[in-house]
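>>> Give me the fold of what follows.
(chains A and B)
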Amino acid sequence: MSKRRFFKNIYLSLRRIWAETSRIGLGWVRSPAAVFFTFIYPIIMILLFGYLFAGEGTTTLYSLPYLNEDTYQVGNATLPYYPAQELLTELGLNNDSLGEALGIKLIPVNFNTSEILPQNWMKEQNAAYLLRIPKGWSAMVNASLLNASAPKALVQYYYDPGYTSSTEVMKIIDNALKELNAQLFNIETSIGIITTTTPEREELSYIDFYIPGIIMVTLSTSGMMGLVSTVAEGRRNGIIFKMSATPMKKWEWALAQEIWQIIISLVIALLTALTGVIAFGFQLSAIHPLHVVILIFGSMTFAGLALIIARFVKSPEGAVAATLAFVFPQMFLSGSIIPPEVMPEFLQQIARIFPLYYIAKAMRAAMLEATLPKVWLPLGITIAMGVIFFILGSALTIWKKD
Amino acid sequence: MKLENEHAIITEDLVKKYKNVVAVDGISLKVKKGEVFAFLGPNGAGKTTTVEILEGVRTKTSGKAYVLGYDIDKRQDLEQLKKKIGTLPQEFNTHQNLTVRENLKFWSRMYAKNLPIDDLIALVNLEEKAKERYKNLSGGLQRRLGIAIALVNDPELVFLDEPTTGLDPRARRETWAVIEGLKQKGKTVFLTTHYMEEAEVLADTVAIIHKGKIVALGSPAELIDKYGSENKIIVRGSSSKTRDLIHRTLFQLGPMETAEGEVMISTKKAKIAEVIELLEKEKVPYRDIITQRPSLEDVFLNLTGERLLGERGDED
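Residues are numbered from 1 along each chain as shown, chains lettered A, B, ... in the order given. Now for the predicted structure:
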């Protein structure tokens, strides 16, 4: 092949790729639904996961009903020292700022336990938990102060196991009791904990770690679902086969799809980051230039994966179901939203089969380590996946009728 | 097999099998350069499958095919071939949100060689719809755009798969005019159709395909001569009495059928003038006389025992 012909072929190839890429872009711009969901989806994702997992926004306050049956009297006189009152104070009674810090709001309730059992009362009132300070509890506490061998003074905690927050509330009560123990028995603590972050993390808050992960989750779900459906529809309406009757090559077509995915990924990433800045005070300084590289190859990975899935999907109707079966486990297991270390060991192993696991790792490494020697491994895996999945996706695309 | 210069397409024993179905069953044909070749057959006969194999869009099971001198089994040949052909698929579709002009521009960019977009728009009379999006066009206009798209690269050979299916008679005749224009420009047109009139009007050569096999091949006139029925001369009288008189006068011309008020003579020899002369001579009154030539429909019926236009859908 002559040099001139070689360059002409490259020019024609690039022209075909650009024709398809710009065609997708033009079709997208003219589809109000596509534009709306492309923009609204990342905003919903960042707001949803930001509030859910990053601990930002309004503080959650658990309403804790308490039944105080205890009165502390000697003879006819009520003594001023009243441990039940002390416990309630430790839990934020009449002290809203302490209650908010602890995460609970005390609600006094009053009913006669000889007439209705606390469990039944909870059922009737649809209450998740109940703290009961039984009659004589303060006297028992004071007896313990005088006599170490006196029986333990116990409060009662009733809870509905259907509420995951019941364990949290129990821990708060337990901590308040420990605090009270230390005060009553004059225990001086000489051991404790002091917290220090690693140097790279000093200026970063919780949300700064989450946003890059959420960006990748958004890209993987919206990008993959869109492309799988597009390919399945293209096969059904015959446009892909019409294309295959022209000089356009399969890899050129696949590359055009990948380029569009990269373009839209950059838009989504920017939009998500800006929403993060506005809603949660995300620090743009947390973004490292390597994130752009990861974003590009991450998008290539998901586009390649979408082409692979599309290979096995018969109809556009099946495309959504097939993609969801992949993206949902990936979303929750990859470590982008839920840290892998809180998952059971076997799930941590399963997480490794998802590309997002490595991409999220690379994102985090680029943010925290920020030096190439420490980032190269996850970054290298991300780049390799982008190239391999593109080649596989392109090769597996159905370009001819059987 | 060697490709002769005067042939645009040569196939030999082309076969396409699916699990339990033989869609194309040993098709051998030659299409001359510059002719309109019609593949005539009912839905499901194997027309589209054959065309798609020749376009390089569908894999074949066995056999050989050369298109414009290129061996479709060879990848490099196929790449070269795709630059020189134009295709209108049976289920034609293009990008919904792009206008007529944008669609033509898009498909033009697939090729090194292009015809001017305005010329293509004018060719299919879509000037007034050039800025209209594809999804807003009627079925007939969409199909016309499909033909224009098939011509964006000024192809030597155009495959038109059922180009007029679903069109109204006017749109059909406009499409025929475009195809005749292509022929005048020296293009080779490979046309599939299940409309016998379309094949008769447009085609230089017709291959009748039935259940994956070619059952007859030749010009429409040759096929009608060879496989068609005899001419029919129909004489219409005003009453059953007249009909009996006609019958008695013309009985020597050939086998006759009678119906209410008319007599139908099947004959290869008799001419309408001869019939009139006999009727005048015997002073037999009649209302009118018409002749009915056999068509490709009759050819198909005689060859396969089935009618060409069945009740099935349009898919092949």
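
>>> Tell me which stretches of the stretch 151-300 of chain B form strands.
For the stretch 151-300 of chain B, the strands identified by DSSP state E, counting those that start in this stretch occupy B:157-161, B:188-193, B:205-210, B:213-218, B:231-236, B:256-259, B:262-267, B:288-292, in order along the chain.

>>> any chance of the ones you listed in JSON lines, with mean neighbour count too?
The C-beta positions use only the backbone N, C-alpha and C, and glycine is treated the same way. Written out in JSON lines, the entries for the strands of the stretch 151-300 of chain B read as follows (neighbours: other Cβ atoms under 10 Å in any protein chain shown):
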{"stretch": "strand B:157-161", "mean neighbour count": "25"}
{"stretch": "strand B:188-193", "mean neighbour count": "25"}
{"stretch": "strand B:205-210", "mean neighbour count": "24"}
{"stretch": "strand B:213-218", "mean neighbour count": "17"}
{"stretch": "strand B:231-236", "mean neighbour count": "20"}
{"stretch": "strand B:256-259", "mean neighbour count": "12"}
{"stretch": "strand B:262-267", "mean neighbour count": "20"}
{"stretch": "strand B:288-292", "mean neighbour count": "13"}
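
>>> Out of these, name the one with the poorest average pLDDT.
Out of the strands of the stretch 151-300 of chain B, strand B:256-259 stands lowest, with a mean of 74 (criterion: mean pLDDT).

>>> List the strands paired with it, with their directions.
In the sheet, strand B:256-259 lines up against strand B:262-267 (antiparallel) (DSSP bridges).

>>> in stretch A:207-216, what's buried?
Buried residues in stretch A:207-216, counted by 16 or more other Cβ atoms under 10 Å in any protein chain shown: A:Ile207, A:Asp208, A:Phe209, A:Tyr210, A:Ile211, A:Pro212, A:Gly213, A:Ile214, A:Ile215, A:Met216.

>>> Within the helices and strands, which one has the second one?
Per DSSP states H and E, A:Asp208 falls inside helix A:206-218.

>>> For the next helix-or-strand element following that helix, name the packing helices and strands.
Reading on from helix A:206-218 to the C-terminus, the next helix or strand found by DSSP H and E is helix A:224-237. Counting by 3 or more Cβ pairs under 8 Å, 6 or more residues apart in numbering or on different chains; DSSP states H and E, the packing neighbours recorded for helix A:224-237 are helix A:239-244, helix A:250-280, helix A:289-312, helix A:316-333.

>>> Recalculate using a threshold of 10 Å.
Counting contacts by 3 or more Cβ pairs under 10 Å, 6 or more residues apart in numbering or on different chains; DSSP states H and E, helix A:224-237 is packed against helix A:3-29, helix A:32-53, helix A:239-244, helix A:250-280, helix A:289-312, helix A:316-333.

>>> Could you dump those helices into JSON lines and include distance to B:Gln184, mean pLDDT and mean neighbour count?
Listed next are these as JSON lines, based on distance: least, Cβ to Cβ, whole Å; pLDDT from 0 to 100; neighbours: other Cβ atoms under 10 Å in any protein chain shown:
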{"stretch": "helix A:3-29", "distance to B:Gln184": "30", "mean pLDDT": "94", "mean neighbour count": "15"}
{"stretch": "helix A:32-53", "distance to B:Gln184": "44", "mean pLDDT": "83", "mean neighbour count": "16"}
{"stretch": "helix A:239-244", "distance to B:Gln184": "26", "mean pLDDT": "95", "mean neighbour count": "22"}
{"stretch": "helix A:250-280", "distance to B:Gln184": "35", "mean pLDDT": "91", "mean neighbour count": "20"}
{"stretch": "helix A:289-312", "distance to B:Gln184": "43", "mean pLDDT": "93", "mean neighbour count": "23"}
{"stretch": "helix A:316-333", "distance to B:Gln184": "42", "mean pLDDT": "88", "mean neighbour count": "18"}
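
>>> Nearest to B:Asp225 among those helices would be which one?
Judged by Cβ to Cβ, the one of those that comes nearest to B:Asp225 is helix A:239-244, at 38.8 Å.

>>> Residues contacting the closest one, please?
In this structure, residues lying in contact with helix A:239-244 by Cβ atoms under 10 Å, 6 or more residues apart in numbering or on different chains are A:16, A:20, A:230-235, A:249-250, A:252-253, A:397-401, B:52, B:55-58, B:82, B:87-89, B:91-96, B:107, B:110, B:146, B:149-150.

>>> thinking again about what came up before, avg pLDDT for the helix holding A:Asp208?
Rounded mean pLDDT across helix A:206-218 is 80.

>>> Equivalent analysis for stretch A:114-130, please.
Per-residue confidence for stretch A:114-130 averages out to 92 on the pLDDT scale.

>>> CA atoms of that stretch as CSV?
Listed in CSV are the C-alpha atoms of stretch A:114-130, where the atom choice follows Å, rounded to 0.1, in the frame of the first residue of the first chain:
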residue,chain,number,x,y,z
SER,A,114,-49.3,-3.7,85.6
GLU,A,115,-52.0,-3.0,83.1
ILE,A,116,-50.2,-3.3,79.9
LEU,A,117,-46.8,-4.9,79.2
PRO,A,118,-44.2,-2.6,77.7
GLN,A,119,-43.9,-4.9,74.6
ASN,A,120,-47.6,-4.6,74.0
TRP,A,121,-47.6,-0.9,74.6
MET,A,122,-44.8,-0.6,71.9
LYS,A,123,-47.0,-2.6,69.5
GLU,A,124,-50.0,-0.4,70.1
GLN,A,125,-48.0,2.8,69.8
ASN,A,126,-45.9,1.5,66.8
ALA,A,127,-42.8,2.4,68.7
ALA,A,128,-39.4,1.0,67.7
TYR,A,129,-37.8,1.1,71.1
LEU,A,130,-38.5,2.0,74.8
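
>>> Go through it and flag the buried ones.
Along stretch A:114-130, these residues count as buried under the neighbour rule (16+ other Cβ under 10 Å): A:Pro118, A:Trp121, A:Met122, A:Ala127, A:Ala128, A:Tyr129, A:Leu130.

>>> Correct me if wrong: the third one contacts A:Pro65.
Yes. With contacts counted by Cβ atoms under 10 Å, A:Met122 reaches A:Pro65, the gap being 8.3 Å.

>>> Now do the contacts for the closest residue to A:Tyr163 other than its chain neighbours.
Leaving aside its chain neighbours, A:Tyr163 sits nearest to A:Ala128 (4.2 Å; criterion: Cβ to Cβ, 6 or more residues apart in numbering or on different chains). When contacts are counted by Cβ under 10 Å, 6+ apart, A:Ala128 is found next to A:62-65, A:122, A:158-166, A:169.

>>> So B:Lys64: helix, strand or coil?
Judged by DSSP: H, G, I helix; E, B strand; the rest coil, the three-state class of B:Lys64 is strand.

>>> What distance do you get for it to B:Asp77?
B:Lys64 sits at a distance of 12 Å from B:Asp77 (criterion: Cβ to Cβ, to the nearest Å).
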